[in-house]
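Colleague: Could you look at this predicted model? Sequence included:
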Amino acid sequence: MSLAFPGFEQKSITVSSEDGPIEIACQIGGSGPALLLLHGFPQTKAIWHQVAPELAKHYTVVASDLRGYGASSKPHGKPDHSSYSKRSMATDQYSLMKALGHDHFFLLGHDRGGRVSHRLAMDFPESVNKFMVLDISPTLTMYENTTMEFAKGYWHWFFLIQAEPVPETMIGANPEYWLKNHMGRHAGTGIFSPERWSEYLAGASNSQGMHAMCEDYRAAATIDLVHDRADREQGKKLQMPLKVLWGEHGLVNKCFEPVDDWKKVSSSEVSGRAVPCGHYIPEELPQEVITEARNFFS
């Protein structure tokens, strides 16, 4: 069971998929328009512990674990990595919101959750009213503009995509060392409470979970790029207003132009700015996220 948010109900909802039934763990709280929160790697919905209760004063907040993460199902990846394509992971979340009675909702995603949100907004545009993303540019943009600086800073992108079971075995030898190295180099580990750190370490220490996380990255370097290029060739773009925030101390700020990058895949208004932190914006600057989200989704 995940770290509980005050006043929230913890649920597990079964959704259908090409991989069979998938259990999506979530926490639900508040009232008002629906807002779906999606976390990043190698974390869980616990990243929203300071953000979700405040947003729940104005929205019906659903914070869920992505497929493969936290308390959600972790099917073994298929050879084509489609089990962890952003299309499959986004369909889980769309089905979750439908099952909860939300045909239309706002969407806020950090890191990998932002990539799932991007695909969700592309594949189900009639359901996503507005879309806010934290500390990423589109996946295809980032791969097509990889530099030495980016590859050195985000080397895990190229390590985790190696063939099974190479990264799984190496990380499995010392999950805590991996986690401290990975998360520490982006923002230090002092921003994570002992409870949240334990939850993230449990995920990295779970062999099925670590395999799923590797598959998430393998999909991003293969089948996700096929889907993204198909959108580009067909002229398909995001249709809803989009806001992007990114950490001014992070690699996205050094290597990319997030507002311009998102404008290239959008036919609607795109706004955003850098904020004074590293990669883990919801945990480094929770009040900033709360204020920006309320202003944008109002």
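Modeller: It's in. Everything quoted here is computed from the prediction, not taken from an experiment. Numbers count the residues shown, from 1 in each chain.

Colleague: can I assume residue 68 sits in a helix?
Modeller: No. Counting by DSSP: H, G, I helix; E, B strand; the rest coil, residue 68 is not found in a helix; it is coil.

Colleague: what about it, how many neighbours?
Modeller: Neighbours of residue 68 under the rule other C-beta atoms under 10 Å: 27. (C-beta placed from N, C-alpha, C; glycine too.)

Colleague: I'd like to know how far the spatially closest residue to it that is not a sequence neighbour sits from residue 130.
Modeller: Using C-beta to C-beta, 6 or more residues apart in numbering and skipping the chain neighbours, the partner closest in space to residue 68 is residue 212 (2.8 Å). Note on residue 212: its distance to residue 130, by C-beta to C-beta, to the nearest Å, is 29 Å.

Colleague: neighbour count winner among the two?
Modeller: A direct count of neighbours by other C-beta under 10 Å for residue 212 and residue 130 places residue 212 higher, at 24 against 21.

Colleague: Now do the helix or strand containing the residue nearest to residue 68: everything it contacts.
Modeller: Taking DSSP states H and E as the criterion, residue 212 maps to helix 207-220. Under the contact criterion C-beta atoms under 8 Å, 6 or more residues apart in numbering, helix 207-220 has outside partners 41-42, 66-69, 74-77, 81-86, 89, 112, 115, 139, 156-157, 160-161, 164-165, 167-168, 171-172, 175, 203-204.

Colleague: which of the residues you listed count as buried?
Modeller: Listed as buried from the contacts of helix 207-220 are 41-42, 66-69, 74-75, 77, 81-86, 89, 112, 115, 139, 156-157, 160-161, 167-168, 171-172, 175, 203-204; burial here means 16 or more other C-beta atoms under 10 Å.

Colleague: angle of the helix or strand harbouring residue 201 against helix 207-220?
Modeller: Residue 201 is part of helix 194-205 when elements are defined by DSSP H and E. Relative orientation of helix 194-205 and helix 207-220, computed by axes from the mean of the first three to the mean of the last three C-alpha atoms, to 10 degrees: 80 degrees.

Colleague: All further residue positions should be reported with the first residue as 41.
Modeller: I'll keep to 41 as the first residue from here, and by that count the last item is helix 234-245.

Colleague: Endpoint to endpoint, stretch 293-303 covers what distance?
Modeller: The first and last residues of stretch 293-303 sit 16 Å apart, counting by C-alpha to C-alpha, to the nearest Å.

Colleague: same thing with stretch 306-316?
Modeller: End-to-end distance for stretch 306-316, by C-alpha to C-alpha: 26 Å.

Colleague: Give me the residues contacting it.
Modeller: Contacts with stretch 306-316, where a contact means C-beta under 8 Å, 6+ apart, come from 277-289, 293, 298-299, 302-303, 321, 325, 328, 336.

Colleague: residues of that stretch that come out buried?
Modeller: Residues 306, 310, 312, 314-315 are the ones in stretch 306-316 that count as buried (16+ other C-beta under 10 Å).

Colleague: same check, this time on stretch 266-278
Modeller: 267-268, 271, 278.

Colleague: quick one: which of these sit in helices?
Modeller: Under the assignment DSSP state H, these contribute 267-268, 271 to helices.

Colleague: Show me which residues of the helix holding residue 252 are buried.
Modeller: 249-260.

Colleague: just the strands in this structure please.
Modeller: Per DSSP state E, the chain carries strands over the ranges 49-55, 62-70, 74-78, 100-104, 145-150, 168-174, 282-287, 310-315.

Colleague: I'd like the ones you listed as CSV, with distance to residue 227 appended.
Modeller: Converted to CSV, the strands of the chain look like this (distance: least, C-beta to C-beta, whole Å):
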stretch, distance to residue 227
strand 49-55, 27
strand 62-70, 23
strand 74-78, 19
strand 100-104, 20
strand 145-150, 12
strand 168-174, 13
strand 282-287, 8
strand 310-315, 13
